[in-house]
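Colleague: Coordinates for the following, if possible.
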Amino acid sequence: MAMTVDAQGTLGVVWLESGHNPAGACADDVYFGVSVDGGQTFLPPARVATAPSCGDKALNGQAWAGDYFGLVADGKGQFRLLWSGVRDHLFQLQLSTIVVASSPR
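Modeller: This is a model prediction of the structure:
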């Protein structure tokens, strides 16, 4: 899990969940949640990556996804997420820009 707050006070939270993905128990799903009231309430979470993240041991050998997971807020009201995911059965770094629609405060 990672959390950060942007310049407007919006709290962004990302986390991984395993076991709910149709690809099987080894597949991690990445979710993003946001609060615009200091963490009192959260909007419904959104799944960030739509592709299953389930590595192929034969292709990756002894490689492990590692601890590559981070979230920052930039000066433009966007959140940037970096994580280690699987594409084409190989571990790869993934980057996503998350834009939170403006809402009344």
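Colleague: who's in contact with the nearest residue to residue 83 once chain neighbours are set aside?
Modeller: Distance criterion CB to CB, 6 or more residues apart in numbering; nearest residue to residue 83, sequence neighbours excluded, is residue 69 at 4.9 Å. Where you see a C-beta, it was placed from the backbone N, CA and C, and this is true even at glycine. Contacts of residue 69 were listed using CB atoms under 8 Å, 6 or more residues apart in numbering, and they are 2, 14, 16, 82, 83, 84.
Colleague: hang on, the second one in a strand?
Modeller: Yes. Residue state for residue 14 (DSSP: H, G, I helix; E, B strand; the rest coil) corresponds to a strand.
Colleague: Surely it is in contact with residue 81?
Modeller: Yes. Residue 14 lies in contact with residue 81 (CB atoms under 8 Å); the separation is 5.5 Å.
Colleague: if I look at the residue nearest to residue 83, how far off is residue 36?
Modeller: 24 Å (CB to CB, to the nearest Å).
Colleague: could you pull out the helices for the chain?
Modeller: Using DSSP state H, the helices found in the chain span residues 57-60.
Colleague: for the spatially most central residue of the chain, which residues make a bridge with it?
Modeller: Most central in the chain under CA atoms, centre = their mean is residue 30, positioned 4.1 Å from the mean C-alpha point. With DSSP bridges applied, residue 30 shows beta-bridge pairing to residue 16.
Colleague: Residue 97 is in contact with residue 78, correct?
Modeller: Yes. Here residue 78 lies in contact with residue 97, judged by CB under 8 Å, at a distance of 5.4 Å.
Colleague: In terms of neighbours, single out the busier of these two.
Modeller: Neighbours were tallied for residue 78 and for residue 97 using other CB atoms under 10 Å; the higher tally belongs to residue 78 (14 against 10).
Colleague: Now do the same contact list for that one.
Modeller: Residue 78 makes contact with 97, 98, 99, 100, according to CB under 8 Å, 6+ apart.
Colleague: what do you get if the cut-off is 7 Å, keeping everything else the same?
Modeller: By CB atoms under 7 Å, 6 or more residues apart in numbering, the contact list for residue 78 reads 97, 98, 99.
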